[in-house]
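> Here is my input, please return the structure:
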Amino acid sequence: MIIVIMGVTASGKTTIGTRASKRFGWPFYDADEFHPPANIAKMSRGEPLTDADREPWLKALHDKMAEEERAGHSAIFACSALKSRYRDVLRQGLPAVRFVFLKGDPEVLQARLDHRKGHFMPRTMLPSQMAALEEPEPGEALELDAAKPPNELIDAIADMVKAAS
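Numbering: from 1, shown residues only. I've put the predicted structure just below:
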């Protein structure tokens with residue numbers, strides 16, 4: 001199974017992904033590490049990425065997911081996957097992909113951003129990500145409240161994994 005933990009900035013994708021990785025013993029991949037340097041520079045300046053900016057990034061993520069699936073491995077990815085068509089690219093031809101949507105209240109997320117240190121994404125990017133977000137359709141993703149404690153979120157993901165086995 002390939003789990004993609006999705007949501008806007010500060011929803012907890014990396015925190016939940018790394019902790020779930022440890023709990024399940026699966027590798028964790030942060031989508032931020034797949035961005036070309038030009039994308040990182042653009043976001044660091046507070047400029048939202050365009051769909052054209054995201055194309056090579058999404059392809060690189062898809063290729064890594066396909067590599068893991070072909071090898072028979074389970075893995076966890078943290079990726080914003082803001083739009084339906086981005087999720088379509090990520091899961092194309094990969095039946096083992098499952099999405100987990102960390103849905104967060106904008107005020108809670110902004111407070112997290114205001115206290116986050118050492119990340120390239122400026123706090124001013126949340127409104128553009130919220131505007132771009134196309135929430136998954138019912139049944140497309142496991143929707144979880146990003147404000148809940150991490151262990152509770154990981155328990156819900158574990159229940160999803162168990163149900164799919």
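
> So what touches the lengthiest strand in the chain?
Criterion DSSP state E: the longest strand present in the chain is strand 97-103. The contact list for strand 97-103 (C-beta atoms under 8 Å, 6 or more residues apart in numbering) reads 1-7, 11-13, 16, 65, 69, 81, 87, 90-91, 135-136, 140-146, 153, 157, 160, 164. Yep, even glycine has a C-beta here, placed from its N, CA and C like the rest.

> change it to 6 Å
2-7, 11-12, 91, 136, 141-144, 146, 157 (C-beta atoms under 6 Å, 6 or more residues apart in numbering).

> Neighbour-wise, which one of the residues you listed leads?
Ile5 (32 neighbours; other C-beta atoms under 10 Å).

> Quick check: that one vs Ser44, distance?
Separation of Ile5 from Ser44 (C-beta to C-beta, to the nearest Å) stands at 23 Å.

> in this structure, which spans are strands?
2-6, 28-30, 75-78, 97-103, 141-145.

> distance between the fourth one and the chain's centre?
I take that to be strand 97-103. A distance of 7 Å separates the centroid of the chain from that of strand 97-103, by C-alpha atoms, centre = their mean, to the nearest Å.

> now the shortest one
Chain-centre distance of strand 28-30: 9 Å, with C-alpha atoms, centre = their mean.

> Contacts for that strand, please.
Contacts for strand 28-30 (C-beta under 6 Å, 6+ apart): Thr14, Gly17, Thr18, Ser21, Ile76, Phe77, Ala78.

> Please repeat the previous calculation with a cut-off of 8 Å.
By C-beta under 8 Å, 6+ apart, the residues outside strand 28-30 that reach it are Lys13, Thr14, Gly17, Thr18, Ala20, Ser21, Leu61, Lys64, Ala75, Ile76, Phe77, Ala78.

> In ChimeraX, how would I select the buried members of the residues you listed?
Selecting only the buried entries of those in ChimeraX, with 16 or more other C-beta atoms under 10 Å as the criterion:
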select :13,14,17,18,20,21,61,64,75,76,77,78
